[in-house]
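1. mind folding the following:
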Amino acid sequence: MVEAAITMILMNGRVWTGNPAQPSAEAIAIDGDRIVAVGTTPDVRRLARHAATIDLAGAFVVPGFIDAHVHFVDGGFRLTSVQLRDAADREEFVARIGAFAGTTPSGTWITGGDWDHTLWGGELPRRDWIDAVTADHPVWVNRLDGHMALANSAALKAAGLTGSLAAVSGGEIVRDEARRPTGLFKDNAMEMVASRIPPPSAAMEDRALQAAMQHVGAQGVTTIHNMGSWGNLQVFARANGARRLSTRIYAAVPLATWSRLRDVVASKQFGAEGRGDVWLRIGALKGFMDGSLGSHTAAFHEPFADSPADRGLFVNTPDDMFTWISGADKAGLHVIIHAIGDRANATVLDILERVARENAPRDRRFRIEHAQHLAAADIPRFRSVGIVASMQPYHAIDDGRWAETVIGPARSRTTYAFRSLLDAGARLAFGSDWYVAPPTPLEGIYAAVTRRTLDGKHPDGWVPEQRITVEEALAAYTSGGAYASFEDGEKGIIAPGMLADITVIDRDLRTIPASKIRNAKIVRTIVGGQMVFQ
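-> You can find the predicted model right below:
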């Protein structure tokens, strides 16, 4: 190796490589966008005496974090939308919307919000709460999980929904005692309003993407897996063509459009292999089996503890899901399915097992997103079919504040079952679900290791037997994410030949008290050998 081949050296660090062949190191040498050497500071320093060097002064170094589940463009837009996530009561909810309306031109749609009705006792908001402060603005603000949203009267009028409204399969129009819409729409019914919102301009989308990349870069995230739309893919492709991406993206599109994706891959418009490059990759399809726990639309075998007549719902029928999944799998595409409730997870597992059995053998890496509430008997099935459990640890310490009132203590034992899944031999990939939750891997690691709920009421952890170790959580945020996108030959560990995607943290997460993990700070984020945050 000659000195000119090395462009950067990181030295004097505490490097957790994630590489079983060389678990720890002190220094890393980079040539362009690739790692070329990993070892002790003296050994690596000798390779290039005149290369640019960064003295890490004992900081903790890990492979760049991979957030395996985000809604990236939406997250970028929400950085500048009305902020309702921590609105503590009805009055604050209304006041924030009214204040935001006062800052925007009349007629402008107000969207986003991410409200959480559990913070004010569980009463669902209604349009008559906000009509008086938003008479000149259509409002469409969603619950933080994205499975329920509130429209004001101006939005219903703008969407042409002023007459009687028919029920929607796989969704719900919430109505008052007189059978009039309250303004709340759940899951499939949400499209009645959402489809009428004017689309943002390309320039607005580009700004949202840029804001999202800057935001996650500051959290140590170097790759995201986007659970989104064909429109999102156009935004990413535009940025990649202009060499403006600073975050690597694995982009999923809707499962029902699998034949379109098959044709796009075959057309080679995303490169010689048809699936993109190291910055933007395609080939994934995201489908929905059910809704969410907070919206009471997750599908369970038994009724909700607080709603004995309700077991949730399927967003799509099992027959449709099988048809789409089987077709996509035969086309060699990557299938990713959202499942929250135990009935939804069992149904998806049944379908994936059938598809794997009926179609030709291959490396599928099926994914179940969330895998949130599992029947104990279903946990070993993840390994037997080779299914990745793509999970979001922050949800555990958020939902843990109230989940037992909805599903009871027995079903809580296997909620966000990180430990049980690992012990059963399943692969984990961790993410955030941003915009639903913050895209902060350090908080996610804290959540997986401690399971201390946000309200402080579970100091020893909510369902503590499902806690995992720091290194297991780090692996789920690095090599686990790389495996979950078929990119484990390119990223996820620090080793020669891998992409130079590196995150530097101010303290060693393995040696500090677990309760202090969330207080750690990102010092530097490097993507492809370039500093994107410091």
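
2. isn't there a helix covering Ile517?
-> Yes. Under DSSP: H, G, I helix; E, B strand; the rest coil, Ile517 falls within a helix.

3. show me the shaky parts of the stretch 401-534 of the chain.
-> Scanning the stretch 401-534 of the chain for pLDDT under 70 picks out no residues.

4. Asp319 and Thr347: what is the separation?
-> 11 Å (C-beta to C-beta, to the nearest Å). C-beta coordinates here come from the backbone N, C-alpha and C atoms, glycine included.

5. neighbour count: those two, which is higher?
-> Using other C-beta atoms under 10 Å, the more surrounded residue of Asp319 and Thr347 is Thr347, with 21 against 9.

6. where does the more buried one land in three-state SS?
-> helix.

7. against Ile494, how distant is the closest residue to Gly408 other than its chain neighbours?
-> Distances taken as C-beta to C-beta, 6 or more residues apart in numbering put Ala305 closest to Gly408, at 4.3 Å, once the chain neighbours are dropped. According to C-beta to C-beta, Ala305 stands 46 Å off from Ile494.

8. higher neighbour count, those two?
-> Comparing Ala305 with Ile494 by other C-beta under 10 Å, the one with more neighbours is Ile494, at 26 against 15.

9. model confidence for the residue nearest to Gly408, exactly?
-> Per-residue pLDDT puts Ala305 at 96.

10. likewise for the one 10 residues further on?
-> Among the per-residue scores, Val315 holds a pLDDT of 96.

11. for it, give me its contacts.
-> Gly170, Gly171, Asp187, Asn188, Phe288, Met289, Asp290, Gly291, Thr297 (C-beta atoms under 8 Å, 6 or more residues apart in numbering).

12. and Ile224, by the same measure?
-> Ile66, Asp67, Val70, Phe72, Val216, Thr247, Arg248, Ile249, Tyr250, Pro439.

13. and of these, the nearest to Gln83?
-> Pro439 (15.5 Å; C-beta to C-beta).

14. surely the closest one and Gly76 touch.
-> No. In this structure, Pro439 is not within contact of Gly76 by C-beta atoms under 8 Å, at 10.8 Å.

15. now the common contact residues for those two.
-> His215.

16. picking up where we left off before, most widely separated two among the contacts of Val315?
-> Taking C-beta to C-beta, no two of the contacts of Val315 sit farther apart than Gly171 and Met289, at 14.0 Å.

17. any shared contact partners between Asp319 and Thr347?
-> Joint contacts of Asp319 and Thr347 (C-beta under 8 Å, 6+ apart) do not exist.

18. check contacts around Ile173.
-> Neighbours of Ile173 in contact, by C-beta under 8 Å, 6+ apart: Leu165, Ala167, Pro181, Leu184, Phe185, Lys186, Ala189, Met192.

19. mind redoing it with 6 Å?
-> Leu165, Pro181, Phe185, Ala189 (C-beta atoms under 6 Å, 6 or more residues apart in numbering).

20. in which helix or strand would I find Ile351?
-> Assigned by DSSP states H and E, Ile351 belongs to helix 342-358.

21. buried residues in that helix?
-> For helix 342-358, a neighbour-count test (16 or more other C-beta atoms under 10 Å) marks Asp342, Arg343, Ala344, Asn345, Ala346, Thr347, Val348, Leu349, Ile351, Leu352, Val355, Ala356 as buried.

22. so what secondary structure elements neighbour the helix or strand in which Ile445 is found?
-> Here Ile445, judged by DSSP H and E, is contained in helix 441-450. Under the contact criterion of 3 or more C-beta pairs under 6 Å, 6 or more residues apart in numbering; DSSP states H and E, helix 441-450 touches helix 393-399, helix 470-476.

23. okay, strands next: where are they in the stretch 201-350 of the chain?
-> Secondary structure of the stretch 201-350 of the chain (DSSP state E, counting those that start in this stretch): strands at 221-227, 248-254, 280-288, 334-339.

24. how about the stretch 1-150 of the chain?
-> Under DSSP E, counting those that start in this stretch, the stretch 1-150 of the chain gives strands at 8-11, 14-16, 24-25, 27-31, 34-39, 52-55, 60-63, 65-70, 82-83, 110-115, 139-143, 148-151.

25. deepest-packed of these, please.
-> Of these, the one with the most neighbours on average (mean count of other C-beta atoms under 10 Å) is strand 65-70, at a mean of 30.

26. what is the burial count for Ser153?
-> The number of residues near Ser153, taken as other C-beta under 10 Å, comes to 19.

27. can you tell me the closest non-neighbouring residue to Ile397?
-> Ala447 (4.5 Å).
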